[in-house]
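> Kindly generate the corresponding structure for this input.
(one chain, ligands or ions: 1)
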Amino acid sequence: MLNIEFTKMHGLGNNYLYINLFEHTYDEALFVPLAIAMSDVNRGIGADGLVLIHQTADADCGMRIFNKDGSEASNCGNALRCVAKYVYDRGLLPRATFTIQTKSGINYVSLQVANGEATSITINMGQPKFERQAMPMQGEATAHVIHEPFDVDGETLHMTNVFLGNPHAVFFVEHIEQAPLYTLGEKIEKHPIFPERTNVEFIEVVNDTELNFRVWERGSGVTEACGTGACGAVVAAVVNGHCKRNEDVTVHLAGGDLTIKWDEAGDVWMTGPAAFIADGTFFYNQ
Ligand SMILES: N[C@@H](CCC[C@H](N)C(=O)O)C(=O)O
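Numbering: from 1, shown residues only. Here you go, the predicted model:
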């Protein structure tokens, strides 16, 4: 049996198990099976996945993210805010601005702090890509998919694709309560047109500065929030003429609100909270 030290945190209910590799060392081969075992709510701790916080030569800190099914993603907006809070509050990086490296690049972080704790975290999430090859999605490599008909399970929906650290297939709906999350989420995620699968977002436009949002995440299913997905949703809303560039948009997720802006220079900014849940030791029977 191996003892694995972890911290459970959440960003608007999107909860992951964090392993601090600044202070602990584990065999690299363990991370995929650990993500699956620890995320299991019955025999593990229960979470949307596993996040590693590690040192790197290219930034102040590094992050890797594994979904509940063990698949590794390139980025995670909610985990970035949690990692930022973790390294600040626990004294690993005791300053209000720093960088975090993910598989999709370097993210710039700035914190609002009160009584020695990060209370609100703003992150530059980078620039969106629209080409099919970025998702990736079958078809003409450089073509964009903006409000295009998409057939799934005998229905025709209209899809907008945005890659923002991760792939996002965005669908606008009239009423968020009627979003076909459980009926179509997994079918879209695993549709053969997406060889690496995709995250799936349903969006109701409230007005030009507010969106209601629900998500089916690749590798984890329905979660309460998705940070890269909220960024993708705002970009999709702008390119479809529902929201404006360079303005704050409040995204109402199942777990709470994020503020997102796609600025004139092309960068997407995300602001929101992060919270500690527990520290613990997982007894891993290999
Ligand atoms: N919850 C995340 C995204 C996590 C990865 C995603 N499921 C994928 O496989 O692309 C977020 O907050 O961005």
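> Please name the nearest non-neighbouring residue to I65.
C76 (4.3 Å; Cβ to Cβ, 6 or more residues apart in numbering). In short, each C-beta sits where N, CA and C put it, glycine included.
> what's the answer for F6, then?
Nearest to F6 is L17, by Cβ to Cβ, 6+ apart, at 4.7 Å.
> repeat for T183
D153 (7.5 Å).
> contacting residues around the one you found?
By Cβ atoms under 8 Å, 6 or more residues apart in numbering, the contact set of D153 is T183, L184, K187.
> Are there helices or strands packed against the helix or strand that contains the first one, and which ones?
This means T183. Assigned by DSSP states H and E, T183 belongs to helix 181-189. Helix 181-189 sits against strand 148-152, strand 199-207, strand 210-217, strand 221-223, with contacts defined as 3 or more Cβ pairs under 8 Å, 6 or more residues apart in numbering; DSSP states H and E.
> Tell me which of those strands sits most buried.
strand 210-217 (a mean of 24; mean count of other Cβ atoms under 10 Å).
> where's D153 relative to E186, distance?
10 Å (Cβ to Cβ, to the nearest Å).
> V41: neighbouring residues, count only.
9 (other Cβ atoms under 10 Å).
> How about the backbone phi and psi for it?
Per-residue torsions, V41: phi -70, psi -20 (degrees, to the nearest 10).
> quick one: contacts for the residue nearest to I65?
Counted by Cβ under 8 Å, 6+ apart, C76 has contacts N14, Y16, G49, V51, M63, I65, T102, G165, N166, G227, T228.
> phi, psi of the residue nearest the centre of the chain?
The residue lying closest to the centre of the chain (Cα atoms, centre = their mean) is C76, at 3.3 Å. Main-chain torsions, C76, degrees, to the nearest 10: phi -160, psi 110.
> all strands for the stretch 1-150 of the chain, in order.
Applying DSSP state E, counting those that start in this stretch to the stretch 1-150 of the chain gives strands spanning 2-11, 14-20, 49-54, 61-67, 72-73, 97-102, 105-114, 117-124, 148-152.
> An error on my part: the question was meant for the stretch 151-286 of the chain.
With DSSP E, counting those that start in this stretch as the criterion, the stretch 151-286 of the chain has strands spanning 155-163, 167-172, 199-207, 210-217, 221-223, 249-253, 256-262, 268-272, 275-284.
> Any idea which of these gets closest to F22?
strand 275-284 (14.7 Å; Cβ to Cβ).
> Partner strands of that closest one, with direction?
strand 2-11 (antiparallel) (DSSP bridges).
> Once you drop chain neighbours, what's closest to G116?
Using Cβ to Cβ, 6+ apart and skipping residues adjacent in sequence, the residue nearest G116 is D89, 7.3 Å away.
> quick one, what contacts that neighbour?
G116, E117, A118, F276.
> go with 10 Å
Contact analysis of D89 by Cβ atoms under 10 Å, 6 or more residues apart in numbering lists L111, V113, G116, E117, A118, A274, F276.
> same thing with V268?
77, 123-128, 162, 164-165, 228, 230-232, 234-235, 260-262.
> What subset of these is buried?
Among those, those buried by neighbour count (16 or more other Cβ atoms under 10 Å) are 77, 123-126, 128, 162, 164-165, 228, 230-232, 234-235, 260-262.
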